[in-house]
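J.: Structure of the sequence below:
(chains A and B, ligands or ions: 1)
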Amino acid sequence: MSQKKQQVLVLYLANSALDSPVKGWSVYDGTGRSRPTTGDGDVPPYQTGLDALLDGWRVIQFPQLIPPYPNMEYTTSFQQYEFIFERILEV
Amino acid sequence: MALDKKYLLTTRQMATFVAKGFLRFDDVVPAELNERIMREIDAGGVKASRAATPLSQCYAGTAVKEMLDMPEVQGMIQSLVGPDPLFDHQAVHVRQPNEAAAQGMHGDSIIDTSRQAFDVQLMYFPHDVPLEMGGTLVVPGSQYRRINESDIARYQNFIGQVPIVCKAGTLLVLHHGIWHCGRRNQTDKMRYMFKIRLNPRVRQLRLWNTEDLEQAQGGFKPLFTRETYVTDDIQSILERQEPWFENATGRLEIVNRIKMWRFLTGDDHFDAHYWLTRIENEPQNLELA
Ligand SMILES: [Fe+2]
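T.: A predicted model of the protein is given here:
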């Protein structure tokens, strides 16, 4: 009997627009067919977030725009534009 | 014995360290010494000293000490953290053959950002590391980000990340904050990497070979023009964006680098292309008002 399994794609974009360029990425594969891990590629899976939509991925999270905390305006930390996508596959 | 100045880092190398958070020195340790260090590691003979021991008192009589005493290595150490820094800790990293996954992305130790003084970590690769063997992965320019250790393990890949593929005897020297991980070893051999963390004992002020400092810093150039970016002066090195930087945050990294350069040179007015001077302007001129 076939089952539905989730694949998750995380894209770190250049700014808050979904069609801006990809700067970093992570993939988690619930089908078990692949085992992505840290440092396993130099070429991003898509050029922009929009390209992932065009290929059938659905966005499940948009990063919120949160103003910097006072006195932290120049502090850098995590990537801010983390967009999460999913794709459901029959396996 | 004083070290010959020619072994100290140049101003451009220092600026590259400030911008990227690491420097690499390929194939500097001779093959014969690499082999002896590998044998010492295999025999369990590379013993850590107590934390905060001056480095000169560590590793007595070992091949590791011979490597650390090489003038090329002393030049890196003294330029970045000064003479005879304190030994913090060591790690002999061994990655097993045919691993299923890589180490998660992280910064070493704990979040550490309330000071401008920095530690360095020396990473030493005693044998050739081809791409299938992994190599340590470093994310250039990540050293000023305020994150705590494995909080960033979710990040798998960045454009512009650098897998260290190198010849035996290669050394990296890294700012303590840099993001990195051990890539998956897909060969059937073990991979070794030996790391030492060092704490400075002196104020990190113009410790490198500063003969070319004034000339290398570069003069004023019109902002946002080709002229600003094509040169290889200190301002341009500090302003060069890493490919993974976000548009807006990338500009903040320039500010971080300028602040670090001011700290290292003791010049509170240094700027790269007006980025910091603009936001420091607090005019007090009443006559013109
Ligand atoms: Fe580490």
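J.: Quick one: residues contacting the closest residue to B:Q13 other than its chain neighbours.
T.: Excluding the flanking residues, the one nearest B:Q13 by C-beta to C-beta, 6 or more residues apart in numbering or on different chains is B:L23, at 6.0 Å. C-betas here are computed from N, CA, C, even on glycine. Counting by C-beta atoms under 8 Å, 6 or more residues apart in numbering or on different chains, B:L23 touches B:9, B:13, B:16-17, B:76, B:172-173.
J.: Let me know the closest of the residues you listed to chain A.
T.: B:L172 (15.3 Å; C-beta to the nearest C-beta).
J.: Who does the closest one form a beta bridge with?
T.: Beta-bridge partners for B:L172, by DSSP bridges, are B:R24, B:M123.
J.: That one: how many residues sit nearby?
T.: 25 (other C-beta atoms under 10 Å in any protein chain shown).
J.: Please look at it and B:L137 and confirm they touch.
T.: No: the pair B:L172 / B:L137 is not scored as a contact, 11.4 Å apart, by C-beta atoms under 8 Å.
J.: what do those two both touch?
T.: B:I164.
J.: Now residue 6. Nearest residue, chain neighbours left out?
T.: Going with chain A. A:G30 (4.3 Å).
J.: Wait, chain B was what I had in mind.
T.: Once chain neighbours are set aside, the closest to B:K6 by C-beta to C-beta, 6+ apart is B:N209, at 7.6 Å.
J.: My read is that the one you found contacts B:R12, right?
T.: No: counting by C-beta under 8 Å, B:N209 does not reach B:R12; the two are 10.6 Å apart.
J.: Looking at the two, which has the bigger crowd around it?
T.: B:N209 (19 against 15).
J.: Quick check: phi and psi on the more buried one?
T.: phi -80, psi 100 (degrees, to the nearest 10).
J.: Near the nearest residue to B:F22 once chain neighbours are set aside, how many residues? Count them for me, please.
T.: Distances taken as C-beta to C-beta, 6+ apart put B:L174 closest to B:F22, at 4.2 Å, once the chain neighbours are dropped. For B:L174, the neighbour count with other C-beta under 10 Å is 26.
J.: separation between the residue nearest to B:K6 and B:H273?
T.: As judged by C-beta to C-beta, to the nearest Å, B:N209 and B:H273 stand 25 Å apart.
J.: mind listing the helices for the stretch 151-289 of chain B?
T.: In the stretch 151-289 of chain B, the segments counted as helices under DSSP state H, counting those that start in this stretch are B:213-217, B:226-230, B:234-239, B:247-265, B:275-280.
J.: Packing partners of the last one?
T.: For helix B:275-280, the contact count by 3 or more C-beta pairs under 8 Å, 6 or more residues apart in numbering or on different chains; DSSP states H and E identifies helix B:247-265 as packing neighbours.
J.: Tell me which other helices or strands the helix it packs on touches.
T.: helix B:11-20, helix B:234-239, helix B:275-280.
J.: tell me the angle of it relative to helix B:11-20?
T.: Counting by axes from the mean of the first three to the mean of the last three C-alpha atoms, to 10 degrees, helix B:247-265 lies at 140 degrees to helix B:11-20.
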